[in-house]
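> Dropping a prediction and its sequence here:
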Amino acid sequence: MSTRIKFCGITRPQDARLAVDLGIEAIGLVFTRRSQRFIGISQAREIRRMLPPFMMAVALFMDDDPGWIEEVIAGVQPDLLQFHGAEPGSFASSFSRRYVKAVPMASVDDAVAYVGLHPAASGFLLDSHALGALGGTGETFDWRRAPRLGRSTILAGGLTADNVAQAIALVRPYAVDVSSGIETAPGIKDPARMRRFVEAVRNADAAIGK
Ligand SMILES: O=C(O)c1ccccc1NCC(=O)[C@H](O)[C@H](O)COP(=O)(O)O
């Protein structure tokens, strides 16, 4: 089973188009207003419409107001929600949509216990940031701390074309998630880096017989 790929923090149609052409599985749209990668509903809807069947639009939130989350769901129709804050499981599952919970690895000692707080989550995005801090920083964490969660493991935080092979070999994640490692500036993706990242993941899979 090949390693799935998600490009997070997409803000421009041309970047979404290349993501489609590269055959990756998902793009992330950031709806938390504090982010430099924030995207509004009308732009997000335009990008959402460009996605072919079986490619996901993931809506990212961080301790956002439930009214805003409902507005995004109604306006964009994301396939999956992704929560990066201190949202309890009851809150995350109250939108009747599948969701992924980010695990703030800088603040979490026992990732397995943290995961247990979200029994309804479809997956867990292991990210480098601390609880309450913004993601998309380009920082890595010690991959040896990654819990073994099988198909629920999404590895994130500081991945690039240069280090993703090592990360895949060590963690064997279901999917990898990248944002700043394929950018020239926050929210501005770089076509060459996007291509190199996908190539590096494909080569890493081949090297471990995946
Ligand atoms: O991207 C943001 O600005 C952001 C803001 C608040 C919470 C999460 C955010 N991003 C999450 C991601 O883009 C990724 O899931 C992940 O953190 C990877 O980022 P990077 O280290 O830049 O590859």
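Received, thanks.
> and stretch 50-67, which residues are buried?
For stretch 50-67, the neighbour count (16 or more other CB atoms under 10 Å) marks 51, 55, 56, 57, 58, 59, 60, 61, 62, 64 as buried. For every residue, glycine as well, the C-beta is placed using N, CA and C.
> what does stretch 106-115 give?
So stretch 106-115, judged by 16+ other CB under 10 Å, has buried residues 108, 111, 114, 115.
> next one: stretch 171-182
171, 173, 174, 175, 176, 177, 178, 179, 180, 181, 182.
> Show me which of the residues you listed is closest to residue 137.
residue 180 (6.8 Å; CB to CB).
> ok, the residue lying closest to the closest one once chain neighbours are set aside - contacts?
Spatial nearest neighbour of residue 180, excluding adjacent residues (CB to CB, 6 or more residues apart in numbering): residue 138 at 3.9 Å. Residues near residue 138 by CB atoms under 8 Å, 6 or more residues apart in numbering: 158, 179, 180, 181.
> same deal with residue 80?
So residue 80 contacts 26, 56, 57, 58, 59, 97, 98, 99, 100, 122 (CB under 8 Å, 6+ apart).
> which SS state does the residue nearest to the spatial centre of the chain fall under?
The centre of the chain sits closest to residue 177, judged by CA atoms, centre = their mean, with a distance of 4.7 Å. Here residue 177 is recorded as strand under DSSP: H, G, I helix; E, B strand; the rest coil.
> Check the gap between the nearest residue to it once chain neighbours are set aside and residue 208 for me.
Spatial nearest neighbour of residue 177, excluding adjacent residues (CB to CB, 6+ apart): residue 156 at 3.9 Å. Distance from residue 156 to residue 208, counting by CB to CB, to the nearest Å: 19 Å.
> Look at the two and report which has more neighbours.
Comparing residue 156 with residue 208 by other CB atoms under 10 Å, the one with more neighbours is residue 156, at 28 against 11.
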